[in-house]
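Asks: fold the following.
(2 chains)
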Amino acid sequence: SQQGEEDPQALSIQEGENATMNCSYKTSINNLQWYRQNSGRGLVHLILIRSNEREKHSGRLRVTLDTSKKSSSLLITASRAADTASYFCASLYNFNKFYFGSGTKLNVKP
Amino acid sequence: EAQVTQNPRYLITVTGKKLTVTCSQNMNHEYMSWYRQDPGLGLRQIYYSMNVEVTDKGDVPEGYKVSRKEKRNFPLILESPSPNQTSLYFCASRPGGNSNQPQHFGDGTRLSIL
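Replies: Numbers count the residues shown, from 1 in each chain, chains lettered A, B, ... in the order given. Here you go, the predicted structure:
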């Protein structure tokens, strides 16, 4: 069963604009992680937010977590063409099990 | 260089012919995990291992086996592959003592089962 949903499925923006992607999950989590994937390659970790945190920043990335709504969002500010990729949220529960969202495909036009 | 290495990267085979996909990490991580990725479904966890000789099922374990005899290796075994196991497979690892550590992923293995 798929425990994570992401929206939008696809997002196309101009360079310099901000990109926001949303993730929902269904069970209590230990943390929530965001990953990036380029064209079927391996996933690269972007940022991790613990269940007791509400917001976290890393460079141009900002992630929020609302455990009451079981949702998270990833904001990429001042996007670049090199940000074009698929983005996945992964919720960790029971300390060892991961559920991934279905992903958001981001296209940043130069 | 810290990495997770999967082999082979690509494989085309036929139904019923046993195959093994190897995964090796050089970071001394306790936790390792296998995922499959299918279009529109994201990644789904197949099996994971918390340490040597300790494995458990993920979300989609049917048709797969794993073993963890050494800390660095975590092979995925398909004893009798079927076409519905055609997919892109990823191995990942992370330190075991702290669940608030990210996973490191291999580059993937694309399996086609005819």
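Asks: leaving out chain neighbours, which residue sits closest to A:Ser51?
Replies: Nearest non-adjacent residue to A:Ser51, counting by Cβ to Cβ, 6 or more residues apart in numbering or on different chains: A:Ile29, 5.5 Å away. To be clear about C-beta, it is placed using only N, CA and C from the backbone, and glycine gets the same treatment.
Asks: quick one, strands of chain A?
Replies: Taking DSSP state E as the criterion, chain A carries its strands at A:5-7, A:10-14, A:19-24, A:31-37, A:43-50, A:55-58, A:61-66, A:71-76, A:85-93, A:97-100, A:104-109.
Asks: so which of these gets nearest B:Val60?
Replies: B:Val60 lies closest to strand A:97-100 among the strands of chain A, at 11.4 Å (Cβ to Cβ).
Asks: so B:Leu111 makes contact with B:Thr86?
Replies: Yes: the pair B:Leu111 / B:Thr86 is scored as a contact, 6.1 Å apart, by Cβ atoms under 8 Å.
Asks: more crowded one of the two?
Replies: A side-by-side neighbour count of B:Leu111 and B:Thr86, using other Cβ atoms under 10 Å in any protein chain shown, places B:Leu111 first with 21 against 16.
Asks: doesn't that one belong to a helix?
Replies: No: secondary structure of B:Leu111 (DSSP: H, G, I helix; E, B strand; the rest coil): strand, not part of a helix.
Asks: nearest spatial neighbour of it, chain-adjacent residues omitted?
Replies: B:Leu111 sits nearest to B:Leu11 (Cβ to Cβ, 6+ apart), 5.3 Å away.
Asks: for A:Ser12, the count of nearby residues, please.
Replies: Number of residues near A:Ser12 (other Cβ under 10 Å) recorded here: 12.
Asks: correct me if wrong: it contacts A:Lys109.
Replies: Yes: using Cβ under 8 Å, A:Ser12 is in contact with A:Lys109, at 6.7 Å.
Asks: what is the rounded mean pLDDT of stretch B:84-95?
Replies: For stretch B:84-95, mean pLDDT is 97.
Asks: go through it and flag the buried ones.
Replies: B:Gln85, B:Thr86, B:Ser87, B:Leu88, B:Tyr89, B:Phe90, B:Cys91, B:Ala92, B:Ser93, B:Arg94, B:Pro95 (16 or more other Cβ atoms under 10 Å in any protein chain shown).
Asks: distance between it and the chain's centre?
Replies: Here stretch B:84-95 is found 4 Å from its chain centre; the criterion is Cα atoms, centre = their mean, to the nearest Å.
Asks: what do you get for stretch B:79-95?
Replies: Distance of stretch B:79-95 from its chain centroid, counting by Cα atoms, centre = their mean, is 5 Å.
Asks: again with stretch A:87-105
Replies: 9 Å.
Asks: how about stretch A:49-68?
Replies: With Cα atoms, centre = their mean, you get 10 Å for stretch A:49-68.
Asks: using PDB, write out every CA atom in that stretch.
Replies: Output of stretch A:49-68 as PDB, limited to C-alpha atoms (Å, rounded to 0.1, in the frame of the first residue of the first chain):
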ATOM      1  CA  ILE A  49      12.900  17.000   9.500                       C
ATOM      2  CA  ARG A  50      12.300  15.200  12.800                       C
ATOM      3  CA  SER A  51       8.700  14.600  14.000                       C
ATOM      4  CA  ASN A  52       9.200  17.200  16.800                       C
ATOM      5  CA  GLU A  53      10.300  19.900  14.400                       C
ATOM      6  CA  ARG A  54       8.100  22.200  12.500                       C
ATOM      7  CA  GLU A  55      10.400  23.900  10.100                       C
ATOM      8  CA  LYS A  56      13.900  23.500   8.800                       C
ATOM      9  CA  HIS A  57      16.100  25.300   6.300                       C
ATOM     10  CA  SER A  58      19.100  24.300   4.300                       C
ATOM     11  CA  GLY A  59      20.400  26.800   1.700                       C
ATOM     12  CA  ARG A  60      17.600  27.400  -0.800                       C
ATOM     13  CA  LEU A  61      15.400  24.700   0.700                       C
ATOM     14  CA  ARG A  62      12.800  25.100   3.300                       C
ATOM     15  CA  VAL A  63      10.800  22.200   4.700                       C
ATOM     16  CA  THR A  64       7.800  22.300   7.000                       C
ATOM     17  CA  LEU A  65       6.100  19.500   8.900                       C
ATOM     18  CA  ASP A  66       2.500  19.500  10.300                       C
ATOM     19  CA  THR A  67       2.000  16.300  12.200                       C
ATOM     20  CA  SER A  68      -1.600  17.200  13.000                       C
END
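Asks: before I go, just wanted to say thanks for your time.
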